[in-house]
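Build the 3D model from these lines:
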Amino acid sequence: METTRSWRRFALHYLAMVLAMLAGMFVLGGAIRASLGLAGVEYSLTRFPELVILEMGLTMALGMVGWMWFRGHRWPATLEMAGAMLAPAVALVPLVWLAGLDGGTAIMLEHIVMFPLMLLVMLRRRDEYAMAHRRHRPVTRPAGGRRPLRVAGKVVAGVLAFLLLPGVFYLAGARAYEATRYGEPAADAAGTVPLASAPTSHDPERPTAVVVIGGTGANVADALAPYEVLATTGAFNVYTVAPERRLVPLLGRLDLLPDLSFAELDRLLGGAPPDITIVPEIPSEPDSDAAVAGWLRDTASGGLVVGVCRGARLLAAAGLLTGRPATSHWYRIAGLQAEYPDVDWRREVRYVDDGDVITTGGLLSGVDGALRVVERLLGTEAAAAAARTVGWRYYSPGEPGALPASRLRPTDALLHLVNIGFRANETNLGVLLTDGIGEAELASAFAPYAEVKAGRLLSIAVDGGTIRSRHGLTFVPRADLAAIDRVERLLVPGAEVAANPPPEAVAAADRAEVPIDYLHAGPGFAFDGALREIASHTDVPSAHWTAKVLEYSTADLALSGPNGPWAPAMRPLALGLLGLAVLVGLSRLRVRSAGRSAGP
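Reported below is the predicted structural model:
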């Protein structure tokens with residue numbers, strides 16, 4: 001009978017421990033994410049799965065520690081259990097880095113492993129967990145073997161203390177990173193936009209190509225680089241379209257007014273689908289996703305559809321990739337494979353052409369996808385001419401070009417985590433918008449900096465008014481030259497602007513003592529100058545990582561600058577040491593307090 005009661009108490013204790021673990025994950029973890037304004041777990045898993053894995057392990061361990069302290073368990077057993085909670089997270093993060101394990105699968109494995117691991121730790125101390133002890137009731141233990149357990153407990157406590165502060169600061173840094181990527185347009189900007197200025201020159205004899213912008217915006221490189229490739233041929237009607245015609249942010253906080261809404265495009269084409277539809281990466285949001293996926297399925301599927309980078313996600317959601325080969329960004333393809341297992345995902349290719357659907361790799365692979373469209377509709381010579389016009393050196397007639405190395409190395413992962421979580425982002429960069437600028441030139445001033453968190457970007461125009469790009473896109477700056485004193489450097493995109501910079505901008509920068517970087521003063525592809533500038537002012541490894549994310553080779557760029565993000569890399573180390581110092585201080589206070597209590 002006593003044995004039965006003992007196992008019953010053990011089972012109830014196990015259930016209580018499970019509830020404490022889940023409370024730590026949902027209550028503490030939810031509070032941390034809410035206080036920092038982070039997106040939900042599902043979206044966070046697509047952006048930084050390592051953070052979610054570690055955060056869940058840490059919050060579950062803290063929930064368990066709190067409950068065991070309340071129940072009166074001694075620290076060796078408590079810290080042993082905390083170590084069991086953290087062990088799966090520590091083991092899984094390298095698999096995410098090195099083996100391409102997607103975040104959703106890693107989280108599932110983390111939870112599956114935790115339950116039996118917790119049971120094994122409890123069985124190791126079955127007598128303690130089977131006792132009906134209350135808070136702070138002494139627990140008797142054998143005299144032998146206590147020293148190794150104390151040492152193990154101190155080690156686990158040290159690991160927790162070392163990770164806690166860097167983890168909190170990483171969450172705050174990740175929030176800042178997300179804020180610098182898009183951000184909402186200024187509240188009063190919509191009133192300054194000429195909404196009536198929709199395209200008026202439509203040639204019904206030409207094929208119509210559209211670049212889809214979601215209700216939440218789009219990746220600036222995915223959208224603008226293919227747009228310019230098609231527009232530069234002069235053979236297409238090329239428009240940007242969105243569910244609604246309103247101002248939306250592109251990656252890097254560049255605000256675009258789409259040319260047409262879906263309804264306006266339908267009226268312009270008389271109900272026919274566009275001949276070519278380009279779908280870039282669009283930030284995930286349920287209403288926007290539903291609107292775009294529904295339009296792709298019901299309308300755009302009647303023509304040629306091109307998914308650029310993670311734009312393949314929306315093609316898959318619309319059912320356009322089911323049972324078909326496809327590709328996407330090398331860093332995101334594992335997650336897509338888990339979410340859409342009925343698609344034949346291909347790796348290490350610039351694009352996959354499957355007839356009426358073309359999918360491309362990440363970001364600048366969209367240039368190859370657009371050139372493939374030109375090649376199919378206009379011929380190889382037209383595609384080669386378009387490649388020369390935009391300065392793309394990697395056009396491969398008739399087949400996908402070579403893809404730069406696309407494996408995540410441990411050094412890449414560490415650099416990415418340091419940049420996202422611990423780069424202070426104190427550098428404010430202005431980007432001068434001017435009429436007639438090339439679309440790829442404009443994208444190059446925003447996408448690389450937003451990807452590496454090299455600075456907070458602020459779009460500036462001389463008079464603060466709207467500007468038109470080389471092929472007629474409408475952009476709205478977030479400031480005029482009066483904001484020049486709010487930035488530390490002014491990035492000036494555009495080869496023509498570098499040759500003849502606006503005198504008002506030069507004078508304002510001189511007065512404010514703000515240096516000007518002309519990104520396109522030399523020859524080459526539009527993104528070359530931005531990568532050189534990042535290497536010079538941030539560091540060379542960050543420039544190489546950015547190029548890897550862009551799927552662009554740096555072999556011909558001769559990058560120079562600092563050889564590492566040493567200051568950001570020191571921050572987590574300093575925070576970890578501070579956490580250890582606090583733990584040591586609290587331990588000494590506890591010892592002194594115990595000594596005073598035991599005194600005469």
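
From now on I want contacts and neighbour counts done on CA atoms only, so please keep to that.
Will do.

how about low-confidence regions in the protein?
Along the chain, segments meeting pLDDT under 70 span 1-2, 30-48, 97-104, 132-156, 186-200, 405, 424-426, 590-591, 593-600.

If we use 50, what do you get?
36-43, 134-145, 190, 196 (pLDDT under 50).

now for the helix or strand containing residue 291, which elements pack on it?
According to DSSP states H and E, residue 291 maps onto helix 286-298. When contacts are defined as 3 or more Cα pairs under 8 Å, 6 or more residues apart in numbering; DSSP states H and E, helix 286-298 sits against helix 312-317.

so what does the helix it packs on touch, helix or strand wise?
helix 286-298.

ok, residues contacting the helix it packs on?
214, 215, 216, 242, 243, 262, 314, 315, 317, 318, 319, 320 (Cα atoms under 8 Å, 6 or more residues apart in numbering).

what's the answer for stretch 521-534, then?
390-393, 440-441, 444-445, 448-449, 454, 494-495, 498-499, 517, 519-520, 540, 542-544, 546-547, 557, 559-560.

now do stretch 164-181
Counting by Cα under 8 Å, 6+ apart, 33, 36-38, 51, 55, 58, 251-253, 420-424, 450-451, 453, 456-457, 572-573, 575-576, 579 sit against stretch 164-181.

Tell me the gap between that stretch and the middle of its chain.
12 Å (Cα atoms, centre = their mean, to the nearest Å).

Dump the C-alpha coordinates for it into CSV.
Output of stretch 164-181 as CSV, limited to C-alpha atoms (Å, rounded to 0.1, in the frame of the first residue of the first chain):
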residue,chain,number,x,y,z
LEU,A,164,20.3,34.8,-19.1
LEU,A,165,21.4,38.4,-19.7
PRO,A,166,22.7,37.7,-23.3
GLY,A,167,19.4,36.0,-24.0
VAL,A,168,17.3,39.0,-22.9
PHE,A,169,19.5,41.4,-24.8
TYR,A,170,19.3,39.2,-27.9
LEU,A,171,15.6,39.4,-27.7
ALA,A,172,15.7,43.2,-27.5
GLY,A,173,18.2,43.3,-30.4
ALA,A,174,16.0,41.0,-32.5
ARG,A,175,13.1,43.3,-31.9
ALA,A,176,15.2,46.3,-33.1
TYR,A,177,16.3,44.2,-36.2
GLU,A,178,12.7,43.5,-37.1
ALA,A,179,11.8,47.2,-36.6
THR,A,180,14.6,48.3,-39.1
ARG,A,181,13.4,45.9,-41.8
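
So which bits of it are buried?
By neighbour count on 16 or more other Cα atoms under 10 Å, the buried set for stretch 164-181 is 164-181.

cool, stretch 72-86 as well?
72-73, 75-86.

What of stretch 57-76?
So for stretch 57-76, counting by 16+ other Cα under 10 Å, buried means 57-65, 67-68, 72-73, 75-76.

Please save the CA atoms from that stretch in CSV.
What follows is stretch 57-76, C-alpha atoms only, in CSV (Å, rounded to 0.1, in the frame of the first residue of the first chain):
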residue,chain,number,x,y,z
GLY,A,57,14.4,25.9,-23.3
LEU,A,58,15.4,28.7,-20.9
THR,A,59,11.8,29.7,-20.0
MET,A,60,10.8,26.1,-19.4
ALA,A,61,13.9,25.7,-17.2
LEU,A,62,13.0,28.8,-15.2
GLY,A,63,9.4,27.7,-14.7
MET,A,64,10.7,24.4,-13.4
VAL,A,65,13.3,26.1,-11.1
GLY,A,66,10.6,28.3,-9.6
TRP,A,67,8.3,25.3,-8.9
MET,A,68,11.0,23.2,-7.4
TRP,A,69,12.1,26.0,-5.1
PHE,A,70,8.5,26.4,-3.9
ARG,A,71,8.3,22.7,-3.2
GLY,A,72,11.5,22.8,-1.1
HIS,A,73,13.9,20.9,-3.4
ARG,A,74,17.6,21.5,-2.7
TRP,A,75,19.7,23.2,-5.4
PRO,A,76,21.6,20.2,-6.7
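
Now do the contacts for residue 23.
60, 63.

Please apply the same query to residue 457.
Contacts of residue 457 (Cα under 8 Å, 6+ apart): 180, 252, 253, 428, 429, 430, 431, 446, 449, 450.

Enumerate every residue touching the closest residue to the third one other than its chain neighbours.
Okay, so that is residue 253. Distances taken as Cα to Cα, 6 or more residues apart in numbering place residue 182 nearest to residue 253, at 4.6 Å, with adjacent residues excluded. Counting by Cα under 8 Å, 6+ apart, residue 182 touches 217, 249, 250, 251, 252, 253, 254.

The same query, at a cut-off of 7 Å, please.
With contact set as Cα atoms under 7 Å, 6 or more residues apart in numbering, residue 182 has these partners: 249, 250, 251, 252, 253.

Now flag whichever of those residues is closest to residue 347.
Closest to residue 347 out of the contacts of residue 182 is residue 251 (24.7 Å), distances taken as Cα to Cα.

nearest spatial neighbour of residue 309, skipping sequence neighbours?
Residue 309 sits nearest to residue 362 (Cα to Cα, 6+ apart), 4.0 Å away.

Quick check: bridge partners of residue 352?
Beta bridges link residue 352 to residue 359 when assigned by DSSP bridges.

Okay, strands next: where are they in the stretch 201-350 of the chain?
Here the stretch 201-350 of the chain has its strands, by DSSP state E, counting those that start in this stretch, at 208-212, 237-242, 248-250, 254-257, 260-261, 276-279, 304-307, 325-326, 344-345.

could the ones you listed go into TSV alongside distance to residue 468?
TSV is the format used below for these (distance: least, Cα to Cα, whole Å):
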stretch	distance to residue 468
strand 208-212	17
strand 237-242	13
strand 248-250	16
strand 254-257	10
strand 260-261	15
strand 276-279	21
strand 304-307	25
strand 325-326	34
strand 344-345	38
